[in-house]
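> Model the structure of this input:
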Amino acid sequence: MTTEVATKAALMIEDLRVAIEGKEILHGVDLAVRKGEVHALMGPNGSGKSTLASTLMGHPRYEITGGRVLLNGEDLAELSADERAKKGLFLAFQYPVAVPGVTMVNFLRLAVNGVRGQDVPVAQFRKQLLETMKLLSMDESFARRYVNEGFSGGEKKRAEILQMALLKPQVAVLDETDSGLDIDALKIVANGVNRLLGPDLGVLVITHYQRLLNYIQPHFVHVMVDGRIVRSGGSELALELEAEGYDGIAGKNGSGKEQ
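Below is the predicted model of the structure:
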């Protein structure tokens, strides 16, 4: 990774090695995401994609054994998950959990207060919430429902996009946002993401399949196999994956390095 890329990157992952219970899962990952860019990380099951997402957000089960992760030049290794969120990092989970008894509006206000480090006045937050829901084409009744309780797969993912919109992160990591979605729900969620894209947000989309990238256009695509990024390229690389599969792509790069 060049010095110029590292300097401009909002999120820089450099030679990252991660182990779980002593077993190394990531074997030296390099990746730089600048604001205004959309990166797609693709790979088969067990390749290490979700391990990378969990490591970025500071899950205690994942031990960094080498390399580093920087957000705007600051090493994240010693920061807790909530501290990383306050610094501008956001993770949309593959399987969002339900929180019975807690309404979306209360949950979202607590999240915004926590990230901003101050108590946002109720009237001000309500105005912002309603404006954001309108932007994302969401009915106001959604805010009165309990967090993810009885939500469809698409509704759970839309709730996370709403949270992302309110928190205004600098870098968003979307971990298999398309998981379990039918084509209509996928389009709705992708449209929500697209409305938030801009020069102040860098996005890392983690996915198995090219279909999500029909609706969220990436600037760069990276292929992860066995804990390493084996190929990087433009959006056309996703189409190449559809044609050749992960084994075909990895086979072209037996050294595990981009050619």
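
> Can you give me the end-to-end span of stretch 68-85?
Across stretch 68-85, the terminal residues are separated by 17 Å (Cα to Cα, to the nearest Å).

> secondary structure class for the residue nearest to P199 when sequence neighbours are not counted?
Excluding its sequence neighbours, the residue lying closest to P199 (Cβ to Cβ, 6 or more residues apart in numbering) is G36, at 4.4 Å. Backbone N, C-alpha and C define where each C-beta goes, glycine included. Here G36 is coil, with the state taken from DSSP: H, G, I helix; E, B strand; the rest coil.

> For G36, give me its contacts.
G36 sits next to 198-202 when contact means Cβ atoms under 8 Å, 6 or more residues apart in numbering.

> Can you show me the strands along the protein?
In the chain, the segments counted as strands under DSSP state E are 11-20, 23-33, 38-42, 63-71, 74-75, 89-92, 99-103, 146-147, 171-175, 202-207, 220-225, 228-233.

> how many neighbours does G248 have?
Here the count is done by other Cβ atoms under 10 Å, and G248 has 11 residues near it.

> roughly how far apart are it and L70?
Distance of G248 to L70, given as Cβ to Cβ, to the nearest Å: 33 Å.

> What score does L196 have for pLDDT?
At L196, the model reports a pLDDT of 92.

> what do you get for the one 3 residues further on?
Here, the pLDDT recorded for P199 equals 94.

> E4 too?
Predicted confidence (pLDDT) for E4: 46.

> on that earlier part again, what's the closest of the strands of the chain to L135?
Distance to L135, taken as Cβ to Cβ, is lowest for strand 171-175 among the strands of the chain, at 15.8 Å.

> Dump the closest one to PDB, restricted to CA.
What follows is strand 171-175, C-alpha atoms only, in PDB (Å, rounded to 0.1, in the frame of the first residue of the first chain):
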ATOM      1  CA  VAL A 171     -17.000   4.700   7.400                       C
ATOM      2  CA  ALA A 172     -19.800   2.200   7.200                       C
ATOM      3  CA  VAL A 173     -19.200  -1.500   7.100                       C
ATOM      4  CA  LEU A 174     -22.300  -3.400   5.700                       C
ATOM      5  CA  ASP A 175     -21.800  -7.100   6.600                       C
END
